[in-house]
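Visitor: no sequence for this one, just the structure:
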């Protein structure tokens, strides 16, 4: 077995009982969940504001615009069906088939062992080797520094998401494949923030903010390609790939900024903040990176490769599409 890192995940906490709220807040800190405590009135607004959640903790007797918290669960599930809902049961009534499909997991008040097992099975179903996560952050930070040499590049703590909502208007997608994984890497950002960053001179001299959207797309595409090249040099053997070549459809709904890779597995998410060293008060450019290992994922096979792989860093070379 290889050493894996316990990443965090954001969850929407909908709990009105003071005692249970305190208990769940402490519990979430223990298991690596970052809570967003909200009332029923704020729940749907919070969903619109946060597109990188791992799940929802909901009390059955949560006061809402309906007979009980199941009314709110249906509304949440309709908007974001990929988010697992963990329902704290407060009654003995049997759930309807519709409610059974809406709520991923149910647990009785006080049975935190059951809740912990459900969260480990669902939110943290994939474990990521510590050296891999560290290496991804390192090579991505170096690549962003090469593409945006005049910006300060800082990475936030990696975490896992179940949301399938795209951050911003500009996104790239590139396939990655090795002996231990098959899937995709995405970069996502807001078009206006990327243009503003170029106006501030984040990139090379002569690349300003008067670029049209195609040129902005190419800028993020070249950044993605540079990161992919560094990933390939470090983690992909020249002639050894996974044997299975199955594919699944990738569904993209542009109106709702939704993308699905045909898997309910969590995705590795890392946010990078690019700031102006001479104007620290300006908003940073946020670039969101996601890894989706939906076709093949084996931390143990990664450990075998990592034990004998040469220590190769980013080359700084762009590989054209």
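Guide: Arrived safely. Just so it is clear, the structure is predicted and the values come from calculations on it, not from any experiment.

Visitor: remind me which helix or strand the residue nearest to residue 294 when sequence neighbours are not counted belongs to.
Guide: Nearest residue to residue 294, sequence neighbours excluded (Cβ to Cβ, 6 or more residues apart in numbering): residue 263, at 3.9 Å. Bear in mind the C-beta positions are built from the backbone N, C-alpha and C, glycine included. For residue 263, there is no enclosing helix or strand under DSSP states H and E.

Visitor: equivalent analysis for the one 10 residues further on, please.
Guide: Under DSSP H and E, the secondary-structure element containing residue 273 is strand 267-275.

Visitor: return the list of strands paired to that strand, each annotated with direction.
Guide: strand 152-155 (antiparallel), strand 159-161 (antiparallel), strand 285-297 (antiparallel) (DSSP bridges).

Visitor: what sits up against that strand?
Guide: With contacts defined as Cβ atoms under 8 Å, 6 or more residues apart in numbering, strand 267-275 is touched by 7, 52, 126, 128, 133, 136-137, 140-141, 144, 148, 151-156, 158-162, 197, 202, 282, 284-293.

Visitor: residue 63: what secondary structure?
Guide: At residue 63, secondary structure determined by DSSP: H, G, I helix; E, B strand; the rest coil is coil.

Visitor: residue ranges with poor pLDDT in the protein?
Guide: For the chain, the stretches flagged by pLDDT under 70 are 1-4, 205-206, 208-210, 239-248, 309-321.

Visitor: filter the contacts of strand 267-275 down to the buried ones, ChimeraX style.
Guide: Selection of the buried residues among the contacts of strand 267-275 in ChimeraX, burial being defined by 16 or more other Cβ atoms under 10 Å:
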select :7,52,126,128,133,136,137,140,141,144,148,151,153,155,158,159,160,161,162,197,202,284,285,286,287,288,289,290,291,292,293
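
Visitor: what is the residue nearest the centre of the chain paired to in the beta sheet?
Guide: Among the residues of the chain, the one closest to the centroid is residue 269, at 3.4 Å (Cα atoms, centre = their mean). As for beta bridges, residue 269 partners with residue 159, residue 290 under DSSP bridges.

Visitor: centre of the chain to the strand holding residue 273, how far?
Guide: 9 Å (Cα atoms, centre = their mean, to the nearest Å).

Visitor: stretch 195-208 too?
Guide: For stretch 195-208, the distance to the chain centre is 27 Å (Cα atoms, centre = their mean).

Visitor: do the same with stretch 112-119
Guide: 22 Å.

Visitor: what residues does it touch?
Guide: With Cβ under 8 Å, 6+ apart as the criterion, stretch 112-119 contacts 23, 27, 31, 33, 55, 86, 104, 105, 107, 108.

Visitor: who's in contact with the second one?
Guide: Residues touching residue 27, when contacts are defined by Cβ under 8 Å, 6+ apart, comprise 112, 115, 116.

Visitor: okay if I get these as CSV plus secondary structure, neighbour count and distance to residue 99?
Guide: Supplementary listing: the contacts of residue 27 in CSV, determined by DSSP: H, G, I helix; E, B strand; the rest coil; neighbours: other Cβ atoms under 10 Å; distance: Cβ to Cβ, whole Å:
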residue, secondary structure, neighbour count, distance to residue 99
112, helix, 16, 23
115, helix, 21, 18
116, helix, 14, 23
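
Visitor: quick check, residue 24 in contact with residue 17.
Guide: No: Residue 24 is beyond contact range of residue 17, at 9.3 Å (criterion: Cβ atoms under 8 Å).

Visitor: of those two, who's got more company?
Guide: In terms of neighbours (other Cβ atoms under 10 Å), residue 24 is the more surrounded of residue 24 and residue 17; the figures are 23 against 15.
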